[in-house]
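Trainee: model the following, please.
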Amino acid sequence: MKPVKVGLLGLGTVGTGVVRIVEGHQEDLQSQVGSPIVIDKILVQNVNKSRAVNIDPGKLTEDPWDIIHDPDISVIVEVMGGIELTKGYILEALARGKHVITANKDLMALHGPEILAKAQEHGCDVLYEASVAGGIPI
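Mentor: Numbering: from 1, shown residues only. Now for the predicted structure:
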């Protein structure tokens, strides 16, 4: 099975949690998706900073375009926050045919229709439920 390669934008508290979940629940994820899930590259502010999770230093980059322009990465998980810069990264990722998962409430509130239209235009998914309903008991 060919793995699904993920690019992670951000490795703070939420990004660290994403890494732990993907690594710790690989069997469940693989049975749900049908392929292994691999976090292939991670955008950080400082590649030399010590981390709360053990990461192969070769996966770290300070350049978001290393992830967005990588043809092998098919899913972008955005947990870096911010609005305009992040919006640009997500729109470019969608234009390159990458699916996007974001926890960015502000971004989706301000630019959700534009992002969703770009996703539809390029046949991509944008998943964001946690960013708008995370505090609501369902």
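Trainee: Thr86 and Pro3, how far apart?
Mentor: In this view, Thr86 and Pro3 are 26 Å apart by C-beta to C-beta, to the nearest Å. Where you see a C-beta, it was placed from the backbone N, CA and C, and this is true even at glycine.
Trainee: kindly report the same for Gly123.
Mentor: For Gly123 relative to Pro3 (C-beta to C-beta), the value is 21 Å.
Trainee: okay, Thr86 and Pro3: which has more neighbours?
Mentor: Using other C-beta atoms under 10 Å, the more surrounded residue of Thr86 and Pro3 is Thr86, with 21 against 14.
Trainee: nearest spatial neighbour of the more buried one, chain-adjacent residues omitted?
Mentor: Of all residues not flanking Thr86 in the chain, Leu107 sits nearest, at 5.7 Å (C-beta to C-beta, 6 or more residues apart in numbering).
Trainee: next one: that neighbour, what pLDDT does it get?
Mentor: Leu107 is assigned 94 on the pLDDT scale.
Trainee: confirm that it sits in a strand.
Mentor: No: assigned with DSSP: H, G, I helix; E, B strand; the rest coil, Leu107 falls outside any strand and is helix.
Trainee: surely His99 and Val75 touch.
Mentor: Yes: here His99 lies in contact with Val75, judged by C-beta atoms under 8 Å, at a distance of 4.9 Å.
Trainee: okay, now the unreliable bits of this structure?
Mentor: 130-138 (pLDDT under 70).
Trainee: 80 instead?
Mentor: Across the chain, the ranges flagged by pLDDT under 80 are 129-138.
Trainee: show me the beta-bridge partners of the residue nearest the centre of it.
Mentor: With distances taken as C-alpha atoms, centre = their mean, the residue of the chain nearest its centroid is Val77 (0.7 Å). Beta-bridge partners recorded for Val77 (DSSP bridges): Leu8, Ile101.
Trainee: can you give me the distance of it to Lys5?
Mentor: 11 Å.
Trainee: over to Ile21?
Mentor: Applying C-beta to C-beta to Ile21 and Lys5 gives a distance of 16 Å.
Trainee: more neighbours: which of the two?
Mentor: Lys5 (19 against 13).
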